[in-house]
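[1] Requesting a structural model of the entry that follows:
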Amino acid sequence: MRYALETVTAVAVLLTLVTIATLFYAFFIQSPVLKLETILNSLTILLTSTEVIFGTLDLLPCCQKRHYY
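    Predicted coordinates:
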């Protein structure tokens, strides 16, 4: 059961990293970039970065919830 949850979390983190990569494409390669698009991309990168951080912490063994039963 735990292996299936870890697999789902790993896939979600991987796809979120792809999302961040496409946002960086919009920042640095695409031109012209609208000011509103820059603001929204910045907010999206901030939110997806926190998702990657928490997903990675969930996968690490030191951050696992302990069961005392």
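
[2] how much space between Leu14 and Pro32?
    31 Å (C-beta to C-beta, to the nearest Å). Yep, even glycine has a C-beta here, placed from its N, CA and C like the rest.

[3] Mind checking which of the two has more residues around it?
    The neighbour comparison of Leu14 against Pro32 (other C-beta atoms under 10 Å) goes to Leu14, with 11 against 5.

[4] Would you mind listing the buried residues in the helix or strand containing that one?
    Assigned by DSSP states H and E, Leu14 belongs to helix 2-28. Of all the residues in helix 2-28, those buried under the rule 16 or more other C-beta atoms under 10 Å are 13, 16, 20, 23, 26.

[5] which residue packs closest to the third one, ignoring adjacent ones?
    Right, the one you point to is Ile20. Excluding the flanking residues, the one nearest Ile20 by C-beta to C-beta, 6 or more residues apart in numbering is Thr48, at 5.4 Å.

[6] Look up which helix or strand the one you found falls in, please.
    helix 35-59.

[7] Go ahead and name everything in contact with that helix.
    Applying C-beta atoms under 8 Å, 6 or more residues apart in numbering, the contact partners of helix 35-59 are 6, 9-10, 12-13, 16-17, 19-20, 23-24, 26-27, 63.

[8] before we move on, what about stretch 60-69?
    So stretch 60-69 is contacted by Leu57 (C-beta under 8 Å, 6+ apart).

[9] can you tell me how far the residue most central in space within the chain sits from Leu15?
    Centroid-nearest residue in the chain, with C-alpha atoms, centre = their mean: Val52, separated by 3.3 Å. For Val52, the distance to Leu15 (C-beta to C-beta) stands at 10 Å.

[10] All good on my end, thank you.
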